[in-house]
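Peer 1: One predicted model, sequence on top.
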Amino acid sequence: MMRQLGKQKRLDRLFNTHSRCFIVPIDDLLITGADYQLLQYKEKIPLIADLPIDAVLGFPGVFNQFYKELHNKSWILNLTTSTFRSEHTYKRLSLSLENAILVGCDAVAVHVNITDDNEGIMIQNLASTSCECQKYGIPLMAIIYVRNLDAEGNDNNYLDLKRDNNSEYTRMVAHACRVAVELGADIIKTNYTGSTDSFSNVIYAVGNVPVVIAGGEEVTESEALSNIQGALEAGASGICFGRNFFYRDNLISFSKKVRKLLDENT
């Protein structure tokens with residue numbers, strides 16, 4: 001009973017006073033390095049302190065470097081790693097629940113790429129972490145995509161399938177999310193399938209587990225807001241936007257627009 005109270009308290013902090021969650025992942029600094037728009041990370045991350053964001057997802061380095069700027073947000077520690085320099089779609093379990101507890105995180109995340117050659121190992125990592133989270137009352141976010149490496153070694157996110165056979169793409173995403181549910185995830189982060197109707201099938205597949213959508217490929221502000229609206233109408237519980245947040249010229253304006261959408265769709 002005490003473990004469940006601890007988990008619920010952490011989940012309440014994660015969702016803060018809102019019923020829809022606004023999460024910003026800062027884990028690309030490990031995955032891609034401080035490149036492109038992330039060259040401005042030292043200027044942009046401090047802005048988060050005053051933005052209507054509920055939580056940040058990252059690795060220990062970000063929390064250590066920006067403790068003062070991020071201390072008033074809920075923290076989610078990503079336990080799995082890879083970089084674009086190697087097998088990016090094979091996420092290794094690199095950190096532990098102990099790391100999250102020591103840092104003071106409210107939740108942990110494990111990334112699984114369904115259809116990758118190493119899918120089985122990543123699923124096993126999700127399952128073992130779920131067991132540990134149950135012991136200590138720590139919420140678990142499953143970052144779960146349908147993704148693998150193509151013949152040239154580049155990320156295959158099934159964008160052609162999403163466009164040409166959306167029903168099959170949606171079935172794959174829904175199946176991936178159900179894997180996370182079956183293994184005990186408390187929150188699921190996955191890709192938006194492109195429409196309210198299609199994403200409703202994903203929400204149905206997971207039952208009552210909260211789903212937040214990833215930003216996906218970089219899109220215009222209007223497209224990003226349209227995707228958020230569509231996902232919320234389908235029953236999504238929030239967003240977890242990285243590049244589609246950080247790459248905006250005006251983070252303050254964009255954040256307010258996102259928060260307005262989230263609050264209007266409660």
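Peer 2: Arrived safely. Residues are numbered from 1 along each chain as shown.
Peer 1: how about whichever strand or helix holds I101: buried residues?
Peer 2: If you go by DSSP states H and E, I101 is part of helix 97-103. For helix 97-103, the buried set under the neighbour-count rule, 16 or more other C-beta atoms under 10 Å, comprises L97, A100, V103. Heads up, the C-betas are built off the backbone N, CA and C, glycines and all.
Peer 1: next one: stretch 222-237
Peer 2: For stretch 222-237, by 16+ other C-beta under 10 Å, it's A224, L225, N227, I228, G230, A231, L232, A234, G235, A236, S237.
Peer 1: about what we covered before: which residues are contacting the helix holding I101?
Peer 2: By C-beta atoms under 8 Å, 6 or more residues apart in numbering, the residues outside helix 97-103 that reach it are P60, F63, W75, L77, L79, A107, V108, T129, E132, C133, Y136, I138.
Peer 1: Report how many residues lie close to S94.
Peer 2: Residues contacting S94 under the criterion other C-beta atoms under 10 Å number 14.
Peer 1: Give me the number of neighbouring residues for I48.
Peer 2: 20.
Peer 1: ok, it - contacts?
Peer 2: So I48 contacts V24, V56, E69, L70, K73 (C-beta under 8 Å, 6+ apart).
Peer 1: Model confidence score at the second one, please.
Peer 2: Here, the pLDDT recorded for V56 equals 96.
Peer 1: Which stretches in this structure count as strands?
Peer 2: 21-25, 55-58, 74-78, 80-81, 92-93, 107-114, 140-146, 148-149, 155-156, 187-190, 211-214, 238-240 (DSSP state E).
Peer 1: a markdown table for those, including distance to A49 and mean neighbour count?
Peer 2: As requested, the strands of the chain are exported to a markdown table (distance: least, C-beta to C-beta, whole Å; neighbours: other C-beta atoms under 10 Å):
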| stretch | distance to A49 | mean neighbour count |
| --- | --- | --- |
| strand 21-25 | 12 | 25 |
| strand 55-58 | 10 | 24 |
| strand 74-78 | 13 | 25 |
| strand 80-81 | 26 | 18 |
| strand 92-93 | 30 | 16 |
| strand 107-114 | 20 | 25 |
| strand 140-146 | 22 | 26 |
| strand 148-149 | 37 | 18 |
| strand 155-156 | 32 | 16 |
| strand 187-190 | 23 | 26 |
| strand 211-214 | 21 | 23 |
| strand 238-240 | 19 | 26 |
